[in-house]
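# Okay, here's the prediction I keep looking at, along with the sequence it came from:
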Amino acid sequence: MKFFPLLLLLPAAIPAAHAQKASAETEAVKQTVTAFFDGMRRGDSTAVRRTLAPAAVFHGFGGKPGQPPTLEIESINGFLKAVGTPHPAIWDERVQFERVFIDANLASVWAPYEFYLGSKFSHCGYDSFQLVRLADGWKIAHIIDTRRKEKCKL
């Protein structure tokens, strides 16, 4: 009978242990996204590349004002070259982690952002990241975002 009270506590401990593991995984996913933007701020294309999975894909919405947007594949090598090329103002994308979903080795991040060139506001929107857990940790496999000049959430 001495063990009966302990058995009653066991079911309560299982969700807490699962939540701690999930929280650690969520933080690891966030850290990868944060490292991506930290590298971008520093103009360090090598640091940015380390956050990317092999065969990662970037999509962007393009189009002219008044025209329907078009979905375009953006060149990762072109992006990395642009990040590493000296530019007059720091590229500062400020994100908030609104949602992080994880299932096994796949994670999805939904994050509102504001983008600044130095201290000057440029645009805002939402970033959507798909990450995969590889042997060396969480890596970004896909990025797509929205871009607008107003009605930002932050």
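On my side now, so go ahead. Residues are numbered from 1 along each chain as shown.

# Can you pull the poorly scored residue ranges out of this structure?
Applying pLDDT under 70 to the chain picks out residues 1-22, 62-63, 154.

# ok, now with 50
3-10, 13-20 (pLDDT under 50).

# Determine which residue lies closest to the centroid of it.
V33 (3.8 Å; Cα atoms, centre = their mean).

# On the three-state scheme, it is what?
Here V33 is recorded as helix under DSSP: H, G, I helix; E, B strand; the rest coil.

# do the same with T26
Per three-state DSSP, T26 ends up helix.

# Correct me if wrong: it contacts F101.
No: contact criterion Cβ atoms under 8 Å: T26 and F101 do not qualify, at 9.2 Å. In this view, the C-beta of every residue, glycine as well, is placed from N, C-alpha and C.

# So the two - more neighbours on which side?
For T26 versus F101, neighbours defined as other Cβ atoms under 10 Å are more numerous around T26 (16 against 11).

# Setting aside sequence neighbours, what's the nearest residue to that one?
V100 (4.9 Å; Cβ to Cβ, 6 or more residues apart in numbering).

# How many residues are close by that neighbour?
So V100, with other Cβ under 10 Å, has 19 neighbours.

# OK, contacts around it?
Shown in contact with V100 (Cβ atoms under 8 Å, 6 or more residues apart in numbering): 26, 29-30, 107-110.

# Let's see that with 7 Å instead.
26, 29-30, 107, 109 (Cβ atoms under 7 Å, 6 or more residues apart in numbering).

# Check those against E72 and report the nearest one.
The nearest member of the contacts of V100 to E72, counting by Cβ to Cβ, is V109 at 21.2 Å.

# roughly how far apart are that closest one and T51?
According to Cβ to Cβ, to the nearest Å, V109 and T51 sit 12 Å apart.
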